[in-house]
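Peer 1: build the 3D model from these lines:
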Amino acid sequence: MAKKVKKRKEIKRKLLHKYRLVILNESTFEEKISFKLSRLNVFVTGSLFIIGLIGLTTLLIAFTPLREYIPGYSSTELKRQATELTYKTDSLVRSLDYTNRYLDNIRMVLRGEVENTVVNRDSLFEQYKLDPSTVDLTPIKEDSLLRAEVALEDKYNLFERNSEKIGIVFFPPITGMVTQQYDSDSKHYAVDVVAPKNAPVKAVANGVVIFSEWTADTGYVLIIEHKEGFLSAYKHNGSLNKKQGDLVKAGEVIASVGNTGELTTGPHLHFELWDNGTPVNPLDFIDFK
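Peer 2: Got it, this is the predicted structure:
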């Protein structure tokens, strides 16, 4: 027991024993600064310094941008940016998909090809078209009264009435004789119109030029995009007056009749009309005489 008490006193003495730390001038040995220290003071001071350093480092990491340089740390700002980039990437993928489909449509126009999955819309219309003779078109009494009331109101209406939408109207690109008509069976999705060489070729409707280049098979080709999903293609031209991106109006000269390309037999215009990726007979919309 006495040994334990003696050992405790020895430890206490060592911890509380005072030491003097003196800083001297090297040349004159003059005492500048002196400290009285003990092992306990050094231990407590060192512990407090380490705890303060850890606390300061924690604050710097938690409340300053330095935390973003720690490997594996993910901040809220970085998560937000990653989410925004994900949305933008998804939008770009969709836009790229739409663009690729649009370009595929243009390639079909240039090559004169149609996918096997395309359904002939004219045949569908014929299949489901109603026979007017089987429909009773006799107006009922209420309908007659309503018609009379509306006619009376319109009679004294001084303001311009909205006209019914009748769709896009196409003008003939040139006038001449059609030598080869539209024939889907032989994959001739166009009409060939003979005209004098260098005769002006005009736009059939308002639109924007989306293709204006030379191709080996069909020579100088120009394609215009119109409203409601229509595309008009002009092939075998002698020269082109418009370039890609130009806005054109109906009746504006866009090219001249020529005999360019390998698949031509003389000066003429090879004219195609496409409706939302499906070729249609231009003679159903345009009179070339």
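
Peer 1: now do the lengthiest helix in the chain: which elements does it pack against?
Peer 2: Longest helix of the chain, by residue count under DSSP state H: helix 76-111. Helix 76-111 is packed against strand 207-215, strand 219-225, strand 230-240, strand 268-275, with contacts defined by 3 or more C-beta pairs under 8 Å, 6 or more residues apart in numbering; DSSP states H and E. For glycine as for every other residue, the C-beta is placed from the backbone atoms N, C-alpha and C.

Peer 1: could you dump those into a markdown table with mean pLDDT and distance to G261 added?
Peer 2: Below are the helices and strands packed on helix 76-111 laid out as a markdown table (pLDDT from 0 to 100; distance: least, C-beta to C-beta, whole Å):
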| stretch | mean pLDDT | distance to G261 |
| --- | --- | --- |
| strand 207-215 | 93 | 7 |
| strand 219-225 | 95 | 3 |
| strand 230-240 | 95 | 5 |
| strand 268-275 | 94 | 9 |
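
Peer 1: out of those strands, nearest to F43?
Peer 2: Closest approach to F43 among the helices and strands packed on helix 76-111 is made by strand 207-215 (82.6 Å; C-beta to C-beta).

Peer 1: got the buried residues for stretch 209-222?
Peer 2: Applying a neighbour-count criterion of 16 or more other C-beta atoms under 10 Å, the buried positions in stretch 209-222 are V209, I210, F211, S212, T215, T218, G219, Y220, V221, L222.

Peer 1: who does the last one form a beta bridge with?
Peer 2: Partner residues in beta bridges with L222: S212, Y234, with DSSP bridges as the criterion.

Peer 1: in terms of contact, does it touch S256 like I think?
Peer 2: No: using C-beta atoms under 8 Å as the test, L222 is too far from S256 to be in contact (10.7 Å).

Peer 1: so what sits against both of those two?
Peer 2: Shared contacts of L222 and S256, defined by C-beta atoms under 8 Å, 6 or more residues apart in numbering, comprise N237.

Peer 1: quickly note the distance from the residue nearest the centre of the chain to K88.
Peer 2: Taking C-alpha atoms, centre = their mean, the centroid of the chain lies closest to S95, which sits 3.3 Å from it. Separation of S95 from K88 (C-beta to C-beta, to the nearest Å) stands at 10 Å.

Peer 1: ok, R111 next?
Peer 2: Distance of R111 to K88, computed by C-beta to C-beta: 34 Å.

Peer 1: so what's E225 up against?
Peer 2: Taking C-beta under 8 Å, 6+ apart, we find E225 in contact with G207, V208, V209, I210, L231.

Peer 1: check V253 too.
Peer 2: Counting by C-beta under 8 Å, 6+ apart, V253 makes contact with P200, V201, K202, N241.

Peer 1: swap the cut-off to 10 Å and go again
Peer 2: P173, A199, P200, V201, K202, A203, N241, K242 (C-beta atoms under 10 Å, 6 or more residues apart in numbering).

Peer 1: so which residues of the protein form helices?
Peer 2: Remark: helices assigned in the chain by DSSP H are 2-16, 39-63, 76-111, 121-128, 141-155.

Peer 1: can you flag the weakest of those helices by average pLDDT?
Peer 2: When the helices of the chain are compared by mean pLDDT, helix 121-128 comes last with a mean of 49.

Peer 1: and stretch 193-207, how far apart are its ends?
Peer 2: Terminal residues of stretch 193-207 are spaced 22 Å apart (C-alpha to C-alpha, to the nearest Å).

Peer 1: same check, this time on stretch 196-205
Peer 2: Taking C-alpha to C-alpha as the criterion, the two ends of stretch 196-205 lie 22 Å apart.

Peer 1: how about stretch 211-220?
Peer 2: End-to-end span of stretch 211-220 (C-alpha to C-alpha): 10 Å.

Peer 1: what sits up against that stretch?
Peer 2: Residues contacting stretch 211-220 (C-beta under 10 Å, 6+ apart): 106, 109-112, 190, 221-225, 231, 233-246, 254-256, 258-264, 270.

Peer 1: again, only using 8 Å
Peer 2: With contact meaning C-beta under 8 Å, 6+ apart, stretch 211-220 is reached by 106, 110, 221-223, 235-240, 242-244, 246, 255, 258-264, 270.
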